[in-house]
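**Student:** Structure here, sequence nowhere to be found:
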Ligand SMILES: C[S@@+](CC[C@H](N)C(=O)[O-])C[C@H]1O[C@@H](n2cnc3c(N)ncnc32)[C@H](O)[C@@H]1O
């Protein structure tokens, strides 16, 4: 166990031997880890981490064993079961186990399955939420996931299911018609099918879309496009996963809220991109 650090605010939980804490590491930038996550890293004997966990976060657990358990893109679920059972074995061996997952462990991260397996085997758990890429990643791109002039709801969907196919259980008609803003995880592989399904269900071809790749990391790149042009623009740009796709007019807000560009000296492209013609805060 690492030497303890003093965190502000009183009693921080102790990671006891035989316990597993499932923790979200956030979308990339280590600064987006929570204090509970940091507290966990400082106590763990072993950290089992996923592919999208930013590796420098592991530096906060210098004395722990670091075990890579990454898998990308809808690999068979047997491997998932192996990971869960490995966690059980480690806990039963009396280790203080930290299961570190990208973003939030319960958002398209199979954290629920792992936690359920642990409970079924009598292993005590704690869940530490993290900042999900579909919220924090968009924020780093200057896109508010809700904005009262745009949306009173947001829908998070996955672009593929366990088999790697576009999820057959999703009702794209209902999503297109009922969701003001749609945030799509793992959408790159089936982007053409998703865009076609949304347009066939009535979403305008020129609806603003953004693709945010490697969000919050030093490699972050953002593509602004439209539903009709999205597939071709992604191919032309050469952008690669991991990526979050955002469909909706909130993407326009990037023209005034691209804070990273502004920090580098760029002026906002449009102070009123939604065309409200009034100060932002006036009711
Ligand atoms: C298995 S899901 C895990 C999601 C994670 N639990 C979360 O809450 O963000 C992996 C997908 O999340 C998205 N993702 C995760 N980190 C990302 C990042 N830094 N930039 C863009 N997309 C990211 C991508 O769609 C990626 O394919």
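**Tutor:** Looks like it came in fine. Predicted, not measured: the structure shown is a model, and the values here were computed from it. Numbering: from 1, shown residues only.
**Student:** switch to C-alpha atoms for all contacts and neighbour counts from now on
**Tutor:** Will do.
**Student:** how about the helices in the stretch 51-200 of the chain?
**Tutor:** Taking DSSP state H, counting those that start in this stretch as the test, the helices found in the stretch 51-200 of the chain are 77-92, 111-120, 138-140, 172-178, 191-200.
**Student:** for those, which one ends up most surrounded?
**Tutor:** helix 138-140 (a mean of 22; mean count of other Cα atoms under 10 Å).
**Student:** Need the contact partners of that one.
**Tutor:** 144, 145, 212, 215, 216, 244, 258, 259, 260 (Cα atoms under 8 Å, 6 or more residues apart in numbering).
**Student:** Just those: which are in strands?
**Tutor:** The strands, defined by DSSP state E, take in 212, 244 from the contacts of helix 138-140.
**Student:** I'd like to know which elements the least confident helix or strand in the chain by mean pLDDT is packed against.
**Tutor:** Ranked by mean pLDDT, DSSP states H and E, the weakest helix or strand in the chain is helix 77-92, scoring a mean of 87. Secondary-structure packing of helix 77-92 (3 or more Cα pairs under 8 Å, 6 or more residues apart in numbering; DSSP states H and E): strand 97-101, helix 111-120.
**Student:** Tell me what angle it forms with helix 111-120.
**Tutor:** 50 degrees (axes from the mean of the first three to the mean of the last three Cα atoms, to 10 degrees).
**Student:** thinking again about what came up before, list, out of the contacts of helix 138-140, those positioned next to the ligand.
**Tutor:** 212, 215, 216, 244 (Cα under 6 Å from any ligand atom).
**Student:** Need the per-residue pLDDT for the first one.
**Tutor:** Meaning residue 212. The per-residue pLDDT reported for residue 212 equals 98.
**Student:** Could you do the last one as well?
**Tutor:** Per-residue confidence for residue 244 comes out at a pLDDT of 98.
**Student:** Check the gap between it and residue 103 for me.
**Tutor:** Separation of residue 244 from residue 103 (Cα to Cα, to the nearest Å): 12 Å.
**Student:** Identify the contacts common to these two.
**Tutor:** residue 133.
**Student:** Quick one: the strands in the stretch 151-283 of the chain, in order.
**Tutor:** 154-158, 181-185, 208-213, 221-226, 243-247 (DSSP state E, counting those that start in this stretch).
**Student:** In terms of secondary structure, what does the fourth one contact?
**Tutor:** With contacts defined as 3+ Cα pairs under 8 Å, 6+ apart, the packing partners of strand 221-226 are strand 208-213.
**Student:** for the ligand, what are the nearby residues on this structure?
**Tutor:** 27-28, 52, 102-105, 107-109, 132-134, 137, 185-186, 212-216, 242-244.
**Student:** Just the terminal-to-terminal distance for stretch 255-268.
**Tutor:** End-to-end distance (Cα to Cα), stretch 255-268: 6 Å.
**Student:** do stretch 32-44 as well
**Tutor:** End to end - Cα to Cα - stretch 32-44 spans 19 Å.
**Student:** Model confidence score at residue 160, please.
**Tutor:** Confidence for residue 160, expressed as pLDDT, is 83.
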